[in-house]
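A.B. asks: just a sequence and a predicted model for now, questions to come.
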Amino acid sequence: MDLKQNTRLSKFLSLHLRHTPEAIGLSLQEGGWVGVDELLAACAAHGVSISRSQLTELVVGNDKRRFAFDAVGTRIRAQQGHSVEVDLQLTPAVPPAVLYHGTAPAALPAIRREGLQKMNRHHVHLSPDEETARRVGARRGKPVILVTDAQALHTAGVVFYESGNGVWLVDQVPPQYLREL
Ligand code: HQG
């Protein structure tokens, strides 16, 4: 698969595993899972044919490990980033002392006022390192990096989850726990 095709298929899967499964006749099971055979059939029925080996390439080869198979490889899900109602059955975890968030300068006034909010997703996404946050923020132009005092937030009783691909998820980050780099 070339890069262009990989990106196209990855976007198609993201769209339907996170946002609009019903648009291709799927419904997510508990945990956000979908049967692999069912997914491939639904994709094919909607004009996007993906072979089983291409799917494996998309899951295993993805730099951000956006998708995951279950332990036996018969089901697949997006690791995070959903807008549809789904319980990913994540386990609360103790975060590292600080976590990073990359955003656009235009969002800063609102973030300074009300902190980081989950917007259209289920959680605020935080990165374990500055470089990843910079890449996330760069999707919207020149990024601004915010450092979250995760330890203090955790001590204050806020629940953190670590998704299967190293992204930290939290309900919100009030402004007093944020510092601009
Ligand atoms: C901003 C991609 C105004 C927030 C990435 C961000 C990541 C506020 C945007 C993953 C705000 C939401 C998540 C507030 C937060 N006022 N703006 N109070 N609070 N924002 O895409 O973190 O390719 O939902 O800073 O790589 O950018 O999808 O979140 O700019 O890992 O796998 O509102 O999505 O991964 O944007 O990105 P998003 P995000 P995938």
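C.D. replies: Received, thanks. Residues are numbered from 1 along each chain as shown.
A.B. asks: now do stretch 155-164, average pLDDT.
C.D. replies: Average pLDDT, stretch 155-164: 93.
A.B. asks: from now on call the first residue 20
C.D. replies: Done: numbering now begins at 20, and the last item shifts to stretch 174-183.
A.B. asks: can you give me the end-to-end span of it?
C.D. replies: Terminal residues of stretch 174-183 are spaced 23 Å apart (CA to CA, to the nearest Å).
A.B. asks: off-centre distance for it?
C.D. replies: 15 Å (CA atoms, centre = their mean, to the nearest Å).
A.B. asks: over to stretch 120-131?
C.D. replies: 19 Å.
A.B. asks: let me know whether it sits next to the ligand.
C.D. replies: Yes: residues of stretch 120-131 contacting the ligand under CB under 6 Å from any ligand atom: Thr122, Ala123, Ala126, Ala129, Ile130. For every residue, glycine as well, the C-beta is placed using N, CA and C.
A.B. asks: quick one: buried residues of the top helix by length along the chain?
C.D. replies: As assigned by DSSP state H, the longest helix anywhere in the chain is helix 22-33. Going by neighbour count (16 or more other CB atoms under 10 Å), the buried part of helix 22-33 is Leu28, Ser29, Phe31, Leu32.
A.B. asks: most widely separated two among those residues?
C.D. replies: Largest separation among the buried residues of helix 22-33 by CB to CB: Ser29 and Phe31, giving 7.3 Å.
A.B. asks: for the residue located most distally from the centre of the chain, give me its contacts.
C.D. replies: The centre of the chain is farthest from one residue, Ala64, which by CA atoms, centre = their mean lies 26.2 Å away. Applying CB atoms under 8 Å, 6 or more residues apart in numbering, we find Ala64 in contact with Ile43, Gly44.
A.B. asks: now check stretch 162-175, is it near the ligand?
C.D. replies: No: Stretch 162-175 does not reach the ligand (CB under 6 Å from any ligand atom); its nearest approach is 7.9 Å.
A.B. asks: quick check: end-to-end length of that stretch?
C.D. replies: Using CA to CA, the end-to-end distance of stretch 162-175 comes out at 28 Å.
A.B. asks: ok, stretch 107-116 next?
C.D. replies: Terminal-residue distance, stretch 107-116 (CA to CA): 24 Å.
A.B. asks: give me every residue in the chain lying close to the ligand.
C.D. replies: So the chain meets the ligand at 83, 85, 100, 122-123, 126, 129-130, 133, 135-136, 138-140, 144, 155, 159, 186 (CB under 6 Å from any ligand atom).
A.B. asks: let's see that with 8 Å instead.
C.D. replies: By CB under 8 Å from any ligand atom, the residues of the chain that approach the ligand are 33, 37, 83, 85, 97, 99-100, 120-123, 126, 129-130, 132-140, 143-146, 151, 154-156, 158-159, 165, 186.
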